[in-house]
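[1] Here's a sequence, model it:
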Amino acid sequence: MCGIAGILRVHSGGDDALPLRVAIADQWLDLLDAHIAHRGPDGSGRFRDRARRADGAIVDIALVHRRLSIIDRDGGAQPMVAAATEVSGRAHDAAAVVFNGCIYNHRTLRRELESLGCHFETDHSDTEVLLHGQRAWGDVGLASRLDGMFAYAIWERGSAELVLARDRAGEKPLYEAELAPGVYAFASSAAALIVLRERLRHEGVVQGPLRPAPRGVTQWIRFGGSLLPMLDGIEEVDVGVVARYGLHDRGDGVRASFAKRRGFEELPRRGDGPPLTSDSLDAMLREAVASRLEADVPLACFLSGGVDSSLVAAMAQRELGSLSTFTVRMPDVRYDESEAAATVAKALGTRHETLACEASPAADLVSLIEQLGLPFGDSSLLPTHWLSRAVRRAAPVALSGDGGDELFAGYERHAAAKWIARFGGVLRGIPRSVGAHAHPTSRWSKLVRLGDAARGGYQELLAIFPRAELEQLVEGASALVPPPMVVEDAPRHDFRWYLPGDLMRKSDTASMAVALEVRSPLLATAVVRAALATRLDSLTPGGRRKGLLREVAARYVPRDVVDRRKMGFAIPVGEWLRSDFGEMRTLMMDLIGEAATDPFPVDVLGVKVRRPRVAALLREHDEGVRDHSQRLYMLTVLAIWCRWSAGVARG
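    Numbering: from 1, shown residues only. Below is the predicted model of the structure:
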């Protein structure tokens, strides 16, 4: 688990060609390094190279790596370089790789590559498998064989091209930017690219300020997260994609462009394969958990007391014979699952510890948003970070139950989608005024959201600001929000969009802020393929949410855990915004209160946020007229990001 970054630059191959260290300045690399350093405290490395293309142009590359040492601590340093060689009669040019993640089937792949004649220098580094695998199988051939979480960049000297890839579920982040003609960069952090881009502008390499992307900004406000870019030119590499970055002349001088971007695996459709049964799922999950236990450092498991983490912990305990499990005691007893987790741990026989929650909500929130460089609005980021920080003191690796709800239809909204499909005509007639004063978790409020979703699409069930609310807040929002999307398979939709855009972003940001590697067995390649190919009625026998997974869990954990109502990893953010717990209200009022000066600059956001509507949300929340907890949290996060972004632009 690591942080990766790099810069690719192309320029004329004439006698006046810039020296490599001038073409890609050390100061640029220093900036990238500083913004990924938290991800890898155990080591750092850099690689530089220069290649001349057939057309005479010079291509320069610089790779930056920060290492969290988990597997092959002595031999897995990066960037990892392979010299030119010949394998099975084929010549291969020199190559280099930087890699963030973990490949769980690396030993199997290593044996296969050795049978092809590849010679490994390391004892058991999963990184070296990428170098040899790229040569043996090519872009798609390698990526499609990997069972793991990954974002990697491979430099091929012979073609003077860079190959990028990102895993199927978006467990590991990867951002890219074409910063100027012939200057391209990538990084594990959006913040790194934003800061680098502004440095290049101040140096005159880039012309003009960063421009916001209004459609993307609107989506971020609406949902708290999105796969659309906030800023023009700084984007995420899509999940499940391998891209070969070639440098070509587009008619206006030498410019950079992707020559080829391909999905390395098409997700199966419902009914495409044999349906999962409790026996086949049981075997699949046991293999997935076992494969994620390899580490040269202590390994632990998150344990919330819910079905997913309890099942993962039970299987890991059986495999290892002795497992450390952790939960964190939340500051509000209504949101605390530590007693339930302790009961599960006792039944499983794990070495369990309940950790104190050292919560500094306001300070932690500012730090996390600035580190991410995006206005991420899921408030469960905070408790996930506190748990990660506490567990990191005992182990640098932890297992989690992430992915269970998305793959096995575990959310209430998945059941709601069926109601919308059957009774949409009736539900569309529900007026929003019915739940105007109801708590967000009340039946009346949920009924209103069903009506919103019947009118505006399934996405309304995911929105912090449903369409009607968004149009009151953001001027011109109706023109920026895409038309309702027909969603026939809600779990599949959530796997494709919500999982990478929200859940995985949250998990990675919260854990890597303290250099904790989080592994998710439920997102194993075989499990993902099988779950997405199984009909929904087989995943939810008797209409029970996550029913098939619960059948398997009942073999390993107490029945009351299997039947326990899903609680979620939440905090009473609405009350904290009233009571000033952890200075949350102070932060909010300083940023978006009446006295705040221009918290949402149009030149930063590209859209106008109506201040009178923000004031109304604050007033209604304070007076208890309506609960706007998540909306006010999102606006606070947005203001944090605006302030940070404006500061970066000023230099």
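[2] buried ones in stretch 39-57?
    Neighbour counts over stretch 39-57 (16 or more other CB atoms under 10 Å) mark 39-40, 42, 44-51, 53, 57 as buried. Using the backbone N, CA and C atoms, a C-beta is placed for each residue, glycine as well.
[3] Out of those, the closest to Glu176 would be?
    Nearest to Glu176 among these is Arg39, at 17.2 Å by CB to CB.
[4] List the contacts of the closest one.
    1-3, 66, 68, 100, 188-189, 512, 515 (CB atoms under 8 Å, 6 or more residues apart in numbering).
[5] Okay, it and Leu32: tell me how far apart.
    12 Å (CB to CB, to the nearest Å).
[6] for Leu503, same thing?
    Where Leu32 is concerned, Leu503 sits at a distance of 26 Å (CB to CB).
[7] re the thing from before, any chance of the contacts of Arg39 in TSV, with secondary structure too?
    Shown next, in TSV, are those (DSSP: H, G, I helix; E, B strand; the rest coil):
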residue	secondary structure
Met1	coil
Cys2	strand
Gly3	strand
Arg66	strand
Leu68	coil
Asn100	strand
Ser188	coil
Ser189	coil
Met512	helix
Ala515	coil
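[8] okay, who's weakest in these by pLDDT?
    Ranked by pLDDT, the contacts of Arg39 bottom out at Met1, which scores 68.
[9] From the centroid of this structure, which residue is nearest?
    Arg505 (2.7 Å; CA atoms, centre = their mean).
[10] Is it within a helix or a strand, and which one?
    Element membership of Arg505, judged by DSSP states H and E, is helix 504-512.
[11] which residues are contacting that helix?
    Residues contacting helix 504-512 (CB under 8 Å, 6+ apart): 1, 3, 38-39, 169-173, 225, 368, 371-372, 374, 376, 378, 380-381, 384-385, 387-388, 398, 400, 402, 517-518, 520.
[12] Next: stretch 307-321.
    285-286, 289-290, 293, 301-304, 323, 325, 344-345, 348-350, 399-405, 410, 521-522, 546, 549-550, 552-553, 556-557, 561-562, 564, 566.
[13] Pull out the buried members of the residues you listed.
    285-286, 289-290, 293, 301-304, 323, 325, 344-345, 348, 350, 399-405, 410, 521-522, 546, 549-550, 552-553, 556-557, 561-562, 564.
[14] and the gap between Thr327 and Ala313?
    10 Å.
[15] what's the overlap in contacts for the two?
    The contact lists of Thr327 and Ala313 share Leu303, where a contact means CB under 8 Å, 6+ apart.
[16] Can you pull out the low-pLDDT segments for the chain?
    1, 13-16, 87-89, 247-260, 332, 423, 425, 428-429, 432-444, 566-569 (pLDDT under 70).
[17] mind giving me the domain split of it?
    Domain assignment for the chain by automatic domain parsing gives 2-213+233-263, 278-408+490-562, 572-651.
[18] so can I have TSV of the ones you listed showing distance to Leu427?
    TSV is the format used below for the domains of the chain (distance: least, CB to CB, whole Å):
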stretch	distance to Leu427
domain 2-213+233-263	31
domain 278-408+490-562	15
domain 572-651	21
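[19] circling back: which one's more surrounded, Leu503 and Leu32?
    The neighbour count for Leu503 versus Leu32, taken as other CB atoms under 10 Å, is higher for Leu32 (28 against 24).
[20] ok, the more buried one touching Arg197?
    No. Under the contact definition of CB atoms under 8 Å, Leu32 does not touch Arg197, with a separation of 11.2 Å.
[21] Need the residues touching each of these two.
    With CB under 8 Å, 6+ apart, Leu32 and Arg197 have no common neighbours.
[22] And Val97, how close does it get to Ala23?
    21 Å.
[23] Helices of the stretch 351-500 of the chain, start to end?
    361-372, 381-392, 404-408, 412-427, 443-456, 467-473, 477-480, 490-493 (DSSP state H, counting those that start in this stretch).
[24] Find the one among the ones you listed with the highest mean neighbour count.
    helix 404-408 (a mean of 26; mean count of other CB atoms under 10 Å).
[25] Neighbours of Ala96, how many?
    22.
[26] what is it paired to in the beta sheet?
    Val81, Trp155 (DSSP bridges).
[27] residues in contact with it?
    47, 49, 61, 63, 79-82, 154-155.
[28] By neighbour count, which of those residues wins?
    With neighbours taken as other CB under 10 Å, the top of the contacts of Ala96 is Leu63, carrying 28 neighbours.
[29] The helix or strand hosting that residue - contacts with which helices or strands?
    Using DSSP H and E, Leu63 sits within strand 58-67. Counting contacts by 3 or more CB pairs under 8 Å, 6 or more residues apart in numbering; DSSP states H and E, strand 58-67 packs against strand 2-11, helix 26-36, strand 43-52, strand 95-103, strand 148-156.
[30] With distance to Val183 added, can I get those in a markdown table?
    Listed next are those as a markdown table, based on distance: least, CB to CB, whole Å:
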| stretch | distance to Val183 |
| --- | --- |
| strand 2-11 | 5 |
| helix 26-36 | 9 |
| strand 43-52 | 15 |
| strand 95-103 | 18 |
| strand 148-156 | 16 |
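[31] Select, out of these, the one closest to Ala421.
    strand 148-156 (33.4 Å).
[32] list the helices and strands the closest one packs on?
    Using 3+ CB pairs under 8 Å, 6+ apart, strand 148-156 is in contact with strand 2-11, strand 58-67, strand 95-103, helix 126-145, strand 161-166.
[33] Tell me which residues touch the nearest residue to Cys642 once chain neighbours are set aside, please.
    Of all residues not flanking Cys642 in the chain, Val604 sits nearest, at 5.0 Å (CB to CB, 6 or more residues apart in numbering). By CB under 8 Å, 6+ apart, the contact list for Val604 reads 212, 642, 645-646, 649.
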